[in-house]
Every structure is written in C-alpha cells, then in structure tokens.
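> Turn this into a structure:
(one chain, ligands or ions: 1)
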Amino acid sequence: MAVALGVVTAALKTAVSVIGFKLWFLPTLFATLAYYNYDIFDPESRPINVRTLRPEYDFIIVGAGSAGSVLASRLSEVPGWSVLLLEAGGDEPEIADVPILSLYLHKSRLDWGYRSQPQPGACQAMEDQRCIWTRGKVMGGSSVLNTMLYIRGNRRDFDQWESLGNPGWGYEDVLPYFKKSQDQRNPYLARNTRYHATGGYLTVQDAPWGTPLGPAFIQAGVEMGYDHIDVNGANQTGFAFFQYTMRRGSRCSTSKAFLRPVRLRKNLDIAMLSHVTKVLVHPKTRRAYGVELVRNRATHTVLAKKEVILSAGTVNSAQLLMLSGVGPAKHLQEMGIPVVQDSPGVGQNVMDHIAAGAVAFLVDPPVSLIVDRVMNLNTALKYAYEGSGPLTSSVGIEVVAFVNTKYANASDDWPDIEFMMMASSTSSDARQTRHAHGITQKFYDEVFGNITGRDVFGIFPMILRPKSRGYLKLRSKNPMEYPLIFPNYLTHPNDVAVMREGVKTALAVGETTAMRRFGARFHRVKLPNCRHLPDFTDEYWECFVRQYTLTIYHMSGSVKMGPASDPSAVVDPELRVYGVTGLRVVDASIMPTITNGNINAPVIMIAEKAADLIKAAWLPPASRQRPSAS
Ligand SMILES: Cc1cc2nc3c(=O)[nH]c(=O)nc-3n(C[C@H](O)[C@H](O)[C@H](O)COP(=O)(O)OP(=O)(O)OC[C@H]3O[C@@H](n4cnc5c(N)ncnc54)[C@H](O)[C@@H]3O)c2cc1C
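You can find the predicted model right below:
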C-alpha cells in the first residue's frame, strides 16, 4: 500500500510538472490508475537511461521520436552491433498516456515550443500572427503528443516518390513495411491480410468509446455519396471511423511500442536528456565519425564506427545538418559555419498540412465531448479498469473522411481534402485548446465566446497536397538557439482555393439528414478580419482560411530524398546524405512530397524500411531478413 501511495505521488508530481495545476481531477485519475493498474507504473518496463556513454558505438541515432525509436529497435536486433540512441528529452510521463489530455502536453516541457516567423497570409488569429509548431521533446518524440490517428496515405503518394527518382519507395515496396510494424486489433480488418497484419510492435485499434455523433458522421458521408471504407486498404476516398495507435485505450507511442520490449538488450544504450549539437565530419575524407552532445551540462563526444543517423525530426535534422556544415553554402558562410558540403536543399521544401480551425456546428442533445463534463471519478474508474470511457477519446476526433473538391479528379482516388470529424470543437475545452493553438483571447472571445461549453461538433477540413513550400534557416550557429521557421502557408493560390472548397464541403456535412437529426447548425459568426466581406462568398472563405489556420503538425520535407540529378535533394533513395559518407537521415524530413493523410504511420514505415537498407548495406546477404509482401 505504501509503495502504491509512493507511486501515485511520484506520478502526480510528474504530471503536475508537465501540465501544471490545470486539472482538479488529476489526483483522482492517478489514484484509480494505481489501484487498478499498478503495473503500468512499474519502472522495470521503461527504457533504461544509460548513465555512462561508451566512447564508441557502431551506430549513433539522434532522436528517439517516431522514426528513431523504430530504428534503434531494429538495428539492435543484430547482436554484433552496438547502438546508441540519443534523445534531448526525458522519458514519457504517465499523463501522456491519457488520450483526452493530449492538448495539455502542448507548450509543456515535452514540447520544443517552436513558433513560426509572423505570417502575412496565414495564422492571422494567432498571437503575433505566428503559427504554433508543437514538436515532441521526449522519448517517443511527437508520437507522445500526437492524436494517435493511424493513416497510411495513398498508394499514389509512394508511386509518386518512386517516379521522382526514388526506386524502392513505390506503394508495393513500402506496403510490407507498414504491415511489419502493425498489430491490427480490429479482427474484421485484420482478416484482410493484403493490407493489415497482426503481431507487430505497434498496436493499432479502434476507439474504445465514442459519441452518437461518430456513426452520424458516417451516415452523413453515405448520404453525400461516399462509401464507408477502410481508408488504409484498397481505396482511400470515403468515410471511416479513425483507428488509433493506442493499446487498451492508452497511447502507444513509438517508444512504448518499439523500445520497451527491447530495453534489456545489452547492445542498445539509450541516453535521455542528451542534446546533440553537431555531427562530426572529417573535413578531408568527409566522413561522419561521431557526434558532439550536451548532457548534464557537460559536452561529450561519442564516435561512430559505422554510421550516424539523424532522426531528429523535420526542424532539428535540418538544423543539425546545417550546424555540421551541410547546407546552402551561402547561408552557412553568413552564419560563420565552415562548409563541408554545399547542399542547397537543406531546410527547403518544407511542407505541412493545415486545416481551417473555425468550422463548428451547434447541436441540441447533450452528445458532445465536453472536457469538464466527462472528467469525474466514474470516467477515471472506467479508464483505469477497462481502458474505456471518454478519457480514451482522442480529444473527440472520431471519424475521418477523404473527399474531393472540384479541383481533384474524383476518378483518381487521390482526394485533396481530409476531414477530421470531431464530437468537440475549440469551445469544448476552451482554455486549453486556445492555449495549444495559440489563438488570441480576443479572437476566441469574438468567435467562440458565446458557445463555450455548449454541445457542438467540429470538422477540420485539411488540405492534403499543398503546393506552398516553406523553409527553415539557422538563427545563429549556436545549437541551442531555435531555427527560423517560415511555413509560407497559403502562398500558392491553389492551396487557398482547395481550402475554400474544403470548408464549403464541410458545411454540406452539417446539412445532411444524419446531422440535422441532432439539430446541427453551422456556428455562423463572421471572423473578425473578414467582416468587410459578404457572407458565404468565395472571398469570405478565402479570408476565413487565413485566420484560424491550424497546423495539423505534419511538418516534413526539409531534408528531401531524391536522385543525384536533383540539385535540391539532400539524401539519396537509401537516405544517405549526398557528399558525406557514414551519415543518413531517417524521419519525416526526407519526404519528397507529403503523404495524403496524417503522417505518423508513414514516418514509422520510413524507419522500418531504412533499418532494412542499413542492414543490407552492412550485413552479408544470408543474415538479412526481408518483410514478406504476402
Ligand atoms: C500535436 C501533434 C499531433 C499530431 N497528430 C498526429 C496524428 O494524430 N496522426 C499522425 O499520423 N501524425 C500526427 N502528428 C505528426 C506525427 O506525430 C509526426 O509527424 C511524427 O511523430 C514525426 O516523427 P519524426 O521521427 O520525424 O520526429 P519526432 O517524432 O518529432 O522525433 C524527433 C525526436 O528527436 C529529438 N531531437 C531533436 N533534436 C535533437 C537533438 N539535437 N538531440 C537529441 N535529440 C533531438 C526530439 O526531442 C524528438 O524526440 C502529430 C504531431 C503533433 C506534434
């Protein structure tokens, strides 16, 4: 009993240190968790933070995020290899497991806390017109802060990667790698073994709990002429209940999925709170031979016998390359960094998915997910005992739809808008959502003030293949200074048009009989900067999408993969950095074009495939294992 009390107190202290005193409900939650689920606090099951680093390893992986965790797990399968995984953040706290609380992790110490430079044509409702770029700084990286939506993308995304000069990245090549990591818990989907698999490290499950709005969204889709489908199967256009990277109703981050089971491997060292500041590249041979890092306020150097692999994410992998002398020569010279390799593409080609954040509908019956309403002893017990109930809800996101605006060719099955359909909206947990999204108090009050805490549903219409491209630059050569982020959202007119049509299609959902049954009506408030424009005109919607321009946090592309003939490519199709040997990049930054959907599953796939590429490069053929395509 005394031990359990100690564990609750420790978990509670950690939770409070992460999210502060925002929730009266935390002690109740932790007490019930400890009572029913004591083993989840068992420190033995967590990755071990190595105390002393060896001077040298075969492989050094920088960043234990979605990609880095997978890579460390797979490379350390080879008993003869020594692997070091370096992570700037600490271990995942228990509070991060609770799906309904994910927004409370934003701007906490688990978040790098990046913000873009002021944007003239987007994020106008945000403080200083700066978009928020939430990024995980914790074991598991952004997979600890994300909303766990499991979407693979469209077959054409990968066929396009291949056609851009990246052999081995076509859909049929990458499908086995999606399946390799998957443990599909929906028996109906698992039967379709062409697309799904069981037994992998990554648990993928249906929502254990939902509101009546979920099935209504699906019915609305059918009414609009779309099919109810498996969006990770043969086709993508249609409506479906989301699946989540969850295990028994709790978050299944990549650290939990891929590192916890292998934590006792003698050849894998994991060093947390270790901030890598530079890759060491020999100026003459141009070989990466180690990294410099700061840990416990001391600078360390660790050497790599075989390779250094950057999995630090779209912002930090590009930053680290530039700090190490790989990047646009002129920019590096301006920063006073000796140029190792002039690579003009580093920090360019930045892509993201954005959605319009103010598409909310009021409903009459008390069916929505309102945070204050669902947090109580009963729901805590349900979560702790059954892994069910409203606390397992991913902030109310229940249904996904892939739809076509008039700009997409509907016969292609390559839709241009994704809807994230939620039994909630910005007004459902007003303070926290506003804080996480960075919208001003004034904007919130004017747009959502009078519906705070009322029953609503929301639709985020998200553009899938934006044409606008952003870029990243160093602020200085100090590795602790954040880089400058220029997302350039909506700078391409096509993106504005697709977003505008996406909003209109979202409004049509509210007009279906399925949603009208709930008394659905669009929350029709003119957005502050757009009041001069006539309601429901194209001009109005174009203004609308530039206000509450919500990133869906899919930053990618800053270290583009491409053939040697492409001057903007930074890594080759085996993810090796051009011009430097012994250095690869494996994370969301290598995407040449962004995938058609949420990108966590594709990043995990990239890491699975990269692990095999690395094994193929260093192991004799007989000892390699390839995932089966069957
Ligand atoms: C709030 C949020 C919600 C999201 N929701 C979804 C979703 O529902 N579904 C989905 O598919 N995708 C979602 N995403 C996107 C998805 O989670 C990310 O695209 C994915 O996790 C990126 O993986 P990565 O490996 O590239 O980077 P990350 O997972 O961010 O990992 C990078 C790691 O490197 C570490 N690192 C960085 N620099 C250094 C350094 N110098 N030294 C040491 N370590 C370093 C970081 O701390 C981090 O742990 C979301 C993302 C966020 C932030």
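> Just to be sure, P461 is in a strand?
Yes: secondary structure of P461 (DSSP: H, G, I helix; E, B strand; the rest coil): part of a strand.
> looking at it, it is touching H353, isn't it?
No: judged on Cβ atoms under 8 Å, P461 makes no contact with H353 at a distance of 10.7 Å. Any C-beta I mention is one placed from the backbone N, CA and C, and that applies to glycine too.
> joint contacts of those two?
Common contacts of P461 and H353 (Cβ atoms under 8 Å, 6 or more residues apart in numbering): E418.
> Report the contact partners of M126.
132, 437-440, 549.
> Then S253?
Here S253 is in contact with 69, 92, 96, 139-140, 143-144, 245 (Cβ under 8 Å, 6+ apart).
> From those, pick the one nearest A329.
Each of those was checked against A329 using Cβ to Cβ; the closest is S69, at 33.6 Å.
> What is the neighbour count of whatever residue of the chain ends up closest to the ligand?
Closest to the ligand within the chain is G65: 1.8 Å, counting by Cβ to the nearest ligand atom. Using other Cβ atoms under 10 Å, G65 has 34 other residues around it.
> Just to check, it is in contact with G136?
Yes: here G65 lies in contact with G136, judged by Cβ under 8 Å, at a distance of 6.2 Å.
> Common neighbours of those two, please.
Here G65 and G136 have 142-143 as joint contacts, going by Cβ under 8 Å, 6+ apart.
> returning to what we had before: separation between the residue of the chain closest to the ligand and P487?
20 Å (Cβ to Cβ, to the nearest Å).
> Up against the ligand, what does the stretch 451-600 of the chain have?
By Cβ under 6 Å from any ligand atom, the residues of the stretch 451-600 of the chain that approach the ligand are 553-554, 587-588, 598-600.
> Could you do the stretch 151-300 of the chain as well?
So the stretch 151-300 of the chain meets the ligand at 151, 275-276 (Cβ under 6 Å from any ligand atom).
> Now distance to G170 too, for those, in JSON lines please.
As requested, those are exported to JSON lines (distance: Cβ to Cβ, whole Å):
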{"residue": "I151", "distance to G170": "19"}
{"residue": "H275", "distance to G170": "37"}
{"residue": "V276", "distance to G170": "33"}
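> Out of those residues, who's the most crowded?
Of all those, V276 has the most neighbours under the rule other Cβ under 10 Å, reaching 28 neighbours.
> returning to that earlier point: mind checking which of the residues of the stretch 151-300 of the chain next to the ligand land in strands?
275-276 (DSSP state E).
> if we can go back for a sec, what are the phi and psi values for the residue lying closest to the residue of the chain closest to the ligand once chain neighbours are set aside?
Leaving aside its sequence neighbours, G65 sits nearest to G141 (Cβ to Cβ, 6 or more residues apart in numbering; 2.1 Å). Per-residue torsions, G141: phi 60, psi -140 (degrees, to the nearest 10).
> now G141: how far from D587?
Per Cβ to Cβ, G141 is found 9 Å from D587.
> Mutual contacts of these two, please.
63, 65-68, 313.
> which outside residues touch stretch 211-226?
Counting by Cβ under 8 Å, 6+ apart, 207, 227-228, 237-241, 363, 365, 367-369, 396, 398-399, 401, 403, 421, 423, 457, 508-509, 512-515, 517-518 sit against stretch 211-226.
> Just the buried residues of those residues.
Neighbour-count burial (16 or more other Cβ atoms under 10 Å) applied to the contacts of stretch 211-226 gives 207, 228, 237-241, 363, 367-369, 396, 398-399, 401, 403, 421, 423, 457, 509, 512, 514-515, 518.
> Go through these and flag which are in helices.
Judged by DSSP state H, helices contain the following of these: 509, 514-515.
> Please render these as JSON lines that adds pLDDT to the earlier fields.
As requested, these are arranged in JSON lines below (pLDDT from 0 to 100):
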{"residue": "V509", "pLDDT": "98"}
{"residue": "A514", "pLDDT": "98"}
{"residue": "M515", "pLDDT": "98"}
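> would you list those in CSV and tack on distance to D159?
Formatted as CSV, those follow (distance: Cβ to Cβ, whole Å):
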residue, distance to D159
V509, 30
A514, 35
M515, 36
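> just these now: which is nearest V83?
V509 (47.6 Å).
> Who does the closest residue in space to I229 that isn't next to it in sequence form a beta bridge with?
With Cβ to Cβ, 6+ apart as the criterion, I229 has its nearest non-adjacent residue at 3.8 Å, and that residue is G238. Assessed by DSSP bridges, G238 has beta-bridge partners F402.
> for this protein, which strand is longest?
The chain, longest strand under DSSP E: strand 298-310.
> Give the pairing partners of that one; include direction for each.
strand 56-62 (parallel), strand 288-295 (antiparallel), strand 583-585 (parallel).
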